[in-house]
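In: Below is the structure, and that's it, no one-letter string:
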């Protein structure tokens, strides 16, 4: 310790001219502020900004120059024996020199900014930002990091050893491994983990360089090549160990299973069929978000890129899920099909805004941010047609057949267009005049549609292709939810919160049955299984959310199940699904996902059970 | 406690494929003066670096006062004064600053002796080290090395590049100090004439190998130059072993490495060699003869 301090003092004394230069730079902002035409509107601002710029540049320059010379130059000039021929240990020499250089960086930075800080008062805080302490520490951290890096490069370069080729290779390998470690964390939106890992690896690098410096002097002493060898061995061994530990940790983080999901759990399900996407933060893994595509029927699961969790689309037959897989700057479309272990890459790469698929999954249509609709044939792996759509506030579209796409555009008039894929023609087929947003719900055959005017509170039956009004189904009443059932009948809920009623109508709008539901504040029609309509609702009095299975033949509520956060179906295609609804999903307060069977009332845990 | 100040055993230093020191072994007794000579590149400096614990040999070891020089360097340096081949102090430091710095590293430090010596050498304490002449730098290094009253003084080619006056001053200082303290001295040098008067033992390195390691008196007593008035001369190698044999004027000159008076008289009485003149040789002459014979 005594020797380290003696060496630090000597090194500091040797570099005292740097401190004199720093003092000159400390005065310079005050001089600039006194010059008319240079000081701008506020001399205080000039002083604050000038001192920060000069201080940062000076500290970084001192860091780089000191790092490049404090060991490497002594070795290459043969001056290291000045210390080694005296009773100074390697650690004393290293830490003495290191301390002097770091103090010089910090001290000169302080020389330049402290007078300005004292002189400018609040201007300093205003200019440097409210977190001025952190800003200063970041600058110093950068300067010290550059100092350490410069030391390593200097030791390697000045040794004139061919070993530098291996160092370069090791550095490249480290860079590649670090990138590989960070990619899944970025993909998992684990920004806290990314920051933590960056700090940990940065700390490991600092330890490796500082420890390596002590090791190089202990093993190499006055020999520059042996110094290089020792530093290389220590640095890369330490980094390899750190990266190995980091890789193990990242591997453990990304190995999270659906059962590990505990926080910020989100889920979406296919309107029918077995698929669901579950995403959430895994236990003990900070903010890492794991995402899975689950087949609820057979329990199989696939890990997805969490960023794609809201981009999964399902075929209307419920057999396949089309999943965007982010690769580089584009998105590959993968098709996961029930009963197949591995997904099939469609060959379609896109960076478009949204997409939807035909009923059998044979065709995919994408919509770009510029409003260009393109149709892609999966089997042929080729694009069939691209057309530009009119600009609209919102849009729904679906494949009526594989060769016909119908598009509903809210302009706010509801404009209906059809794209003939074979003829490559986009034509307007109809419209529904409106000043406000209209919700459209086509029947399974896309012949008729329900048109819901949210602001006006009306529900009407219209021609799905031309938009021509056929019949008004409800007006004035408070409509809570409306949809087609799979068999073509109409279901909608209206009434006051104290007495909501489920109306079942024939396809032509003829009323068939009214089923009182009681006091319901909010209701969503989740689907039907041919016998029951499944609702998710909130009791107007208690505020509790429930799943309810309403038998539309008997008009009774067969089963109820408390719900916490009912999982919505992801739909772009507004038509009802082909397959009956078997299960609905709920996320409980603990973030566990459960499936409820409306036919039996049975509940089973999907995660966390 | 070891009787030897220095023990080098089977020491080997390699740089890549080149062997700088090849299985060298030597002992230096406490209080002795050992001069290691050899041409440039013979391996002297590598051996000295190992001796000072600045370089780890690939094989063998260097021990100072019975302790391994590599692993015990820091504590050993409290007892050892070093004058390196190249002046290694930072050029921007003043002589006084160097002295102050060194005084903090050593347990015992005689500042008065430093100042006295520097005054004697005519080197001001305020001088920047980088502004001094080569001789003055060596003198400063020597003053620092002697300030701790070292048990061992290692001088690595201390006269390299010095003029005659500086060289004489350096050796007189060493000799004076030796006389005062009985310090062990290990010196590598090309200046054999300078060390001849006070070296007890001499070693010679050639291509990394220690080809000679002997007491100076014994070495000088067995080497003789014999000049014969006539030639050819047939010397019985079983009696006297000529290292060099060449023409000299009208006669011949032989340098023998195993001379003794009895053998010479026996050879003269049994051989018809005519007039012969026997001369003692200086260390430098012996070094040249050995080096010439090997090349």
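Out: That came through fine. In this text, all values refer to a predicted model and were calculated from it rather than measured experimentally. Numbering: from 1, shown residues only, chains lettered A, B, ... in the order given.
In: Could you check how many residues crowd around residue A:177?
Out: 17 (other C-beta atoms under 10 Å in any protein chain shown). (C-beta placed from N, C-alpha, C; glycine too.)
In: what pLDDT does the closest residue to residue A:181 other than its chain neighbours get?
Out: Using C-beta to C-beta, 6 or more residues apart in numbering or on different chains and skipping the chain neighbours, the partner closest in space to residue A:181 is residue A:250 (5.0 Å). For residue A:250, the model assigns a pLDDT of 97.
In: again with residue A:497
Out: Looking at residue A:497, the pLDDT reads 89.
In: That one: what secondary structure?
Out: The three-state assignment at residue A:497 reads coil, by DSSP: H, G, I helix; E, B strand; the rest coil.
In: Domain boundaries for chain B, per the record?
Out: B:4-214, B:223-294 (automatic domain parsing).
In: and the longest one, anywhere near chain A?
Out: So that's domain B:4-214. Yes: Domain B:4-214 comes into contact with chain A (C-beta under 8 Å from any C-beta of the partner chain), by way of B:15, B:49, B:52-56, B:73-78, B:82, B:84, B:86, B:88-90, B:92-93, B:97, B:101-102, B:104-107.
In: In PyMOL, how would I select the buried members of the residues you listed?
Out: A single PyMOL command is used to select the members of the residues of domain B:4-214 next to chain A judged buried by 16 or more other C-beta atoms under 10 Å in any protein chain shown:
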select buried, chain B and resi 49+52+53+54+55+56+73+74+76+77+82+84+86+88+89+90+93+97+101+102+104+105+106
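In: Take the residues of domain B:4-214 next to chain A and keep only those in strands.
Out: B:15, B:82 (DSSP state E).
In: that older thread, which stretch in the domains of chain B is the model least sure about?
Out: Ranked by mean pLDDT, the domains of chain B bottom out at domain B:223-294, which scores a mean of 81.
In: Tell me which stretches of the stretch 101-250 of chain B form strands.
Out: Along the stretch 101-250 of chain B, counting by DSSP state E, counting those that start in this stretch, strands occupy B:152-156, B:184-189, B:201-206, B:209-215, B:224-228, B:242-248.
In: Put together TSV for these, with mean neighbour count on each row.
Out: Listed next are these as TSV, based on neighbours: other C-beta atoms under 10 Å in any protein chain shown:
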stretch	mean neighbour count
strand B:152-156	24
strand B:184-189	25
strand B:201-206	23
strand B:209-215	17
strand B:224-228	20
strand B:242-248	15
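In: possible to save those strands as a markdown table with distance to residue A:202?
Out: Formatted as a markdown table, those follow (distance: least, C-beta to C-beta, whole Å):
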| stretch | distance to residue A:202 |
| --- | --- |
| strand B:152-156 | 43 |
| strand B:184-189 | 47 |
| strand B:201-206 | 49 |
| strand B:209-215 | 51 |
| strand B:224-228 | 72 |
| strand B:242-248 | 67 |
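In: what does chain A put close to chain B?
Out: Checking chain A against chain B by C-beta under 8 Å from any C-beta, the hits are A:2-3, A:6, A:9-10, A:13-14, A:78-82, A:84-89, A:219, A:221-223, A:225-226.
In: Apply 6 Å and report the result again.
Out: By C-beta under 6 Å from any C-beta of the partner chain, the residues of chain A that approach chain B are A:3, A:6, A:10, A:14, A:78-79, A:81-82, A:84-89, A:221-223.
In: Pick the most buried one from the domains of chain B.
Out: Of all the domains of chain B, domain B:4-214 carries the top mean neighbour count, a mean of 19, counting by mean count of other C-beta atoms under 10 Å in any protein chain shown.
In: Now do it: distance from first to last residue.
Out: Domain B:4-214 stretches 15 Å from its first residue to its last (C-alpha to C-alpha, to the nearest Å).
In: same check, this time on stretch B:56-76
Out: 15 Å.
In: which residues touch residue 57?
Out: If you meant another chain, say so; for now it's chain A. Neighbour list for residue A:57: empty [criterion: C-beta atoms under 6 Å, 6 or more residues apart in numbering or on different chains].
In: sorry, should have said chain B
Out: With C-beta under 6 Å, 6+ apart, residue B:57 has these contacts: B:11, B:12, B:13, B:50.
In: please redo it, this time with the cut-off set to 8 Å
Out: Going by C-beta atoms under 8 Å, 6 or more residues apart in numbering or on different chains, residue B:57 touches B:11, B:12, B:13, B:21, B:50, B:70.
In: residue ranges with poor pLDDT in chain A?
Out: Where chain A drops to pLDDT under 70, the residues are A:39-41, A:127-133, A:327-330, A:570-571, A:609.
In: what's the domain layout of it?
Out: A:1-158, A:453-609.
In: Which one of those domains lies nearest to residue A:242?
Out: Residue A:242 lies closest, by C-beta to C-beta, to one member of these: domain A:1-158, at 15.1 Å.
In: what distance separates that closest one from the centre of its chain?
Out: Averaged C-alpha coordinates place domain A:1-158 at 39 Å from its chain's average position (C-alpha atoms, centre = their mean, to the nearest Å).
In: Kindly check the end-to-end length of it for me.
Out: Note: domain A:1-158 ends 29 Å apart using C-alpha to C-alpha.
In: and residue A:407, which of the three is it?
Out: Per three-state DSSP, residue A:407 ends up strand.
In: Surely it is in contact with residue A:399?
Out: No: in this structure residue A:407 lies outside contact range of residue A:399 using C-beta atoms under 8 Å: 10.9 Å.
In: circling back to that earlier point, for residue A:109, find the nearest of the strands of the stretch 101-250 of chain B.
Out: Of those, nearest to residue A:109 by C-beta to C-beta is strand B:152-156, at 41.6 Å.
In: can you pull the contacts of residue A:385?
Out: Contacts of residue A:385 (C-beta under 8 Å, 6+ apart): A:374, A:375, A:419, A:421, A:424.
In: Give me the distance between the closest residue to it other than its chain neighbours and chain B.
Out: Nearest residue to residue A:385 in three dimensions, chain neighbours excluded: residue A:424, at 4.6 Å (C-beta to C-beta, 6+ apart). Remark: distance between residue A:424 and chain B (C-beta to the nearest C-beta, to the nearest Å) = 73 Å.
In: contacting residues for residue A:424?
Out: Contacts of residue A:424 by C-beta under 8 Å, 6+ apart are A:384, A:385, A:387.
In: pretty sure the second one belongs to a helix, no?
Out: No: secondary structure assignment places residue A:385 outside any helix; it is strand (three-state DSSP).
In: ok, what's across the strand from it?
Out: For residue A:385, the beta-bridge partners are residue A:375 (DSSP bridges).
In: still on that earlier bit, make a PyMOL selection of whichever of the contacts of residue A:385 turn out to be buried.
Out: Those of the contacts of residue A:385 that count as buried under 16+ other C-beta under 10 Å are selected in PyMOL with:
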select buried, chain A and resi 374+375+419+421
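In: For the residue nearest to the spatial centre of chain A, list the residues it contacts.
Out: In chain A, the residue lying closest to the centroid (C-alpha atoms, centre = their mean) is residue A:189, at 4.1 Å. By C-beta under 8 Å, 6+ apart, the contact list for residue A:189 reads A:287, A:288, A:289, A:306, A:307.
In: Would you confirm that the third one contacts residue A:306?
Out: Right, the one you point to is residue A:289. Yes: proximity of residue A:289 to residue A:306 meets the contact threshold set by C-beta under 8 Å, at 4.4 Å.
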